[in-house]
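Participant: Fold the stuff below for me.
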Amino acid sequence: MAYIKPIALQLDDMAEGIYASSGSGCYTVTARIHQRPETGRNDFRIQVNAQHRADHTRTTQYLTISFNSPVHYIGCYMNGATLMSGDNTNTLKIKLSYYQNPTDNIGGGDLVVYSDNPLLEIVSCSLTD
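Facilitator: Numbering: from 1, shown residues only. Sure, this is the predicted structure:
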């Protein structure tokens, strides 16, 4: 599978936030900010999904997601997610415990972060095993 460099577009008529897509070996990953800070809430909620296309299975994956500004990790509600590194930096590394089949869709729950930057954007996102 050839790597396709993700691009980011600003569309004034879109409310979904940023969408980033990246291929990392046997994974295709998408991530988008689907909730931005609102009155009384200062966090960003990010939906991360992946497709696994390979001839092997794994029980551990590593999510790496980078932003245009430093973020504070609040939580990740994906299969056994544990922050490995990156709190208060531009890049988070998160360990997941998901048993995937050789061809599987991985629907992740919310990744929740805080940032002082109201224009927070996802720069890149990848998943490896």
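Participant: And stretch 83-100, what's buried?
Facilitator: By neighbour count, with 16 or more other C-beta atoms under 10 Å as the criterion, the buried positions of stretch 83-100 are Gly86, Leu92, Ile94, Leu96, Tyr98, Gln100. For the C-beta atoms, the positions are set from N, CA and C on the backbone; glycine is no exception.
Participant: In terms of helices and strands, where is the second one?
Facilitator: Counting by DSSP states H and E, the element that carries Leu92 is strand 89-96.
Participant: one step back: using pLDDT, spot the least trustworthy of the buried residues of stretch 83-100.
Facilitator: For those, the model is least confident at Gln100; its pLDDT is 73.
Participant: List the contacts of the residue lying closest to that one once chain neighbours are set aside.
Facilitator: The spatially closest residue to Gln100, leaving aside those adjacent along the chain, is His52, at 4.8 Å (C-beta to C-beta, 6 or more residues apart in numbering). Residues in contact with His52, defined by C-beta atoms under 8 Å, 6 or more residues apart in numbering, are Cys26, Tyr27, Gln100, Asn101, Pro102, Thr103, Asp104, Asn105, Ile106.
Participant: Let me know the closest of the buried residues of stretch 83-100 to Asp43.
Facilitator: When those are compared for distance to Asp43 (C-beta to C-beta), Leu92 wins out at 13.8 Å.
Participant: any idea how far Gly86 is from the residue nearest to Gln100?
Facilitator: When C-beta to C-beta, to the nearest Å is the yardstick, His52 and Gly86 sit 23 Å from each other.
Participant: just Leu96 next, same as before
Facilitator: Taking C-beta to C-beta as the criterion, Leu96 is separated from Gly86 by 15 Å.
Participant: go on, Arg53?
Facilitator: In this structure, Arg53 and Gly86 are separated by 27 Å, where distance is defined by C-beta to C-beta.
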